[in-house]
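**Q** Got a sequence here, can you build the structure:
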Amino acid sequence: MSNSTFSTKPDNRYFEDYIAGAVHEFGAIAVDEQEVLDFGKRFVPLSYHIDKEAAKKSIYGGVIASGWHTAALMMRVYTENYLSSVANLGSPGGDELRWPKPVFPGDTLSVRATVMEARRSDSRPDRGIVRTFIEVLNQKREVVMSMKMVNFVRCRGE
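**A** Okay, here's the model as predicted:
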């Protein structure tokens, strides 16, 4: 699924293509149970991420993906569909990371990216600063993760 107003593909996308107020939606990416368990065992070894029987007794009623796993899935979709593959210059970070609902194996996630601000850098005019509100949605269209991200993007022809 892709619902985007971008007129350019990631391999020809520059700062000028990020328009404040534009909303772009991309996905889907499936949440695989074995990946949830493996990620949990490696990075967040809490019972509801790694043990199916213990997770049944948790407040979630079953295994759930770590929020960091959800963030990694988001980054895959965000990187492939939203970020420029030719002009992205990195990110100083994100803010207001939230996980309002659990993500379960079998869920299918999509990413909605709203351009909050796109302004040319005062100190480095060859690039712009793009601030994006990111929402990760499950198949029921419930927000399961949100955050605000900042990216530096090279300007076209610079």
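
**Q** Next, the contact list for His31, please.
**A** One correction, residue 31 is Val, not His. By Cβ atoms under 8 Å, 6 or more residues apart in numbering, the residues touching Val31 are 65, 73, 103-109. From N, CA and C alone the C-beta is placed, and that goes for glycine too.

**Q** repeat that for 10 Å
**A** Under the criterion of Cβ atoms under 10 Å, 6 or more residues apart in numbering, the neighbours of Val31 are 64-65, 69-70, 73, 103-109, 138-139, 144.

**Q** ok, for it, nearest residue in space, not its chain neighbours?
**A** Spatial nearest neighbour of Val31, chain neighbours left out: Asp107 (4.5 Å); criterion: Cβ to Cβ, 6 or more residues apart in numbering.

**Q** With Gly128 instead?
**A** Phe15 (3.5 Å).

**Q** OK, contacts around that neighbour?
**A** 84, 87-89, 118-121, 126-130, 151-156, 158.
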